[in-house]
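Q: Need coordinates for the below:
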Amino acid sequence: MKNISESILYFIAGHGRAWAFSSSDLAGRFARQQIDNALSDLAEAGKIRRVARGLYDYPRFSDLLQKTLSPDIDQVAYAYARKFNWRIEVSGDSALNLLGLSTQIPSQYVYLSDGPSKSYDVMGVQLSFKKATLKDIGFKHRESTLIVQALKALGKEHLSAELFAKIREQVDAKNYSKILRDTQGSTGWIYEAVKAICNPIETANS
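A: I've put the predicted structure just below:
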């Protein structure tokens, strides 16, 4: 059993810290009973964390704060989406919170979904899915959806170099080219804003 647990932990760790998942993410690689036993053992050992019923994450630890950080709600939302085979899209207000662009402490995080309307408690945080017609679900990368939904929520008139810099701080630079390709079919002003975020030097010189 130890080898199975180590193999499962190795697979989980390969997705990086903050990755959220359910047993369905491991199905096909391991037997169901092996998965259930291993997840229980790993959670008890503190290697992974149970964040909601049937959902876990590979927790992040802050050296600065000397404590384990709260779950990444966006990761948890996508773990639910994979588990239930839903397509999801973050709401504008939640995108602003996830990107650190809102000073308001959210009472809940809302995602639009092609599945049923549901709410879940994630370690004291409410995560809600609302059934809706998804317009921007074509994006391949979660960062693309976050940025586009945040820009839509703010509106063209509230865009600024300072705002772009704040968004840039929340996005891994290695994903810039992927985001640019992913969003090139977006509305003109939104794509120009994405270019300013992901291509700051080129935008400044144009």
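Q: Strands along the protein, start to end?
A: 20-21, 49-52, 55-57, 61-62, 67-68, 88-90, 108-113, 118-122, 125-131 (DSSP state E).
Q: will you turn these into a markdown table that also has mean neighbour count, mean pLDDT and distance to V76?
A: Every C-beta, even on glycine, is put in place using the N, C-alpha and C of the backbone. Output for the strands of the chain, formatted as a markdown table (neighbours: other C-beta atoms under 10 Å; pLDDT from 0 to 100; distance: least, C-beta to C-beta, whole Å):
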| stretch | mean neighbour count | mean pLDDT | distance to V76 |
| --- | --- | --- | --- |
| strand 20-21 | 25 | 98 | 4 |
| strand 49-52 | 19 | 97 | 6 |
| strand 55-57 | 24 | 98 | 6 |
| strand 61-62 | 10 | 90 | 18 |
| strand 67-68 | 11 | 91 | 15 |
| strand 88-90 | 24 | 90 | 11 |
| strand 108-113 | 21 | 93 | 9 |
| strand 118-122 | 15 | 96 | 5 |
| strand 125-131 | 17 | 95 | 6 |
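Q: Mind putting these into TSV with distance to A173?
A: Below are the strands of the chain laid out as TSV (distance: least, C-beta to C-beta, whole Å):
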stretch	distance to A173
strand 20-21	23
strand 49-52	28
strand 55-57	24
strand 61-62	22
strand 67-68	26
strand 88-90	21
strand 108-113	25
strand 118-122	29
strand 125-131	28
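Q: low-scoring stretches of this structure, by residue?
A: 1-2, 135-138, 200-206 (pLDDT under 70).
Q: Not counting residues beside it along the chain, what's closest to the spatially most central residue of the chain?
A: Centroid-nearest residue in the chain, with C-alpha atoms, centre = their mean: D74, separated by 2.8 Å. Spatially, and ignoring its direct neighbours in sequence, D74 is nearest to L98 (5.5 Å; C-beta to C-beta, 6 or more residues apart in numbering).
Q: and the one you found, how many neighbours?
A: 21 (other C-beta atoms under 10 Å).
Q: quick one, what contacts it?
A: 73-74, 90, 109, 146, 170 (C-beta atoms under 8 Å, 6 or more residues apart in numbering).
Q: Could you identify the pair within these that is furthest apart?
A: Y109 and Q170 (15.4 Å; C-beta to C-beta).
Q: ok, D121 to P71 distance?
A: 11 Å (C-beta to C-beta, to the nearest Å).
Q: Over to Y191?
A: In terms of C-beta to C-beta, Y191 sits 32 Å off from P71.
Q: How about F139?
A: The gap separating F139 from P71 is 23 Å, by C-beta to C-beta.
Q: what's the answer for N175, then?
A: 21 Å.
Q: higher neighbour count, those two?
A: Taking neighbours as other C-beta under 10 Å, N175 and P71 compare with P71 leading, 24 against 15.
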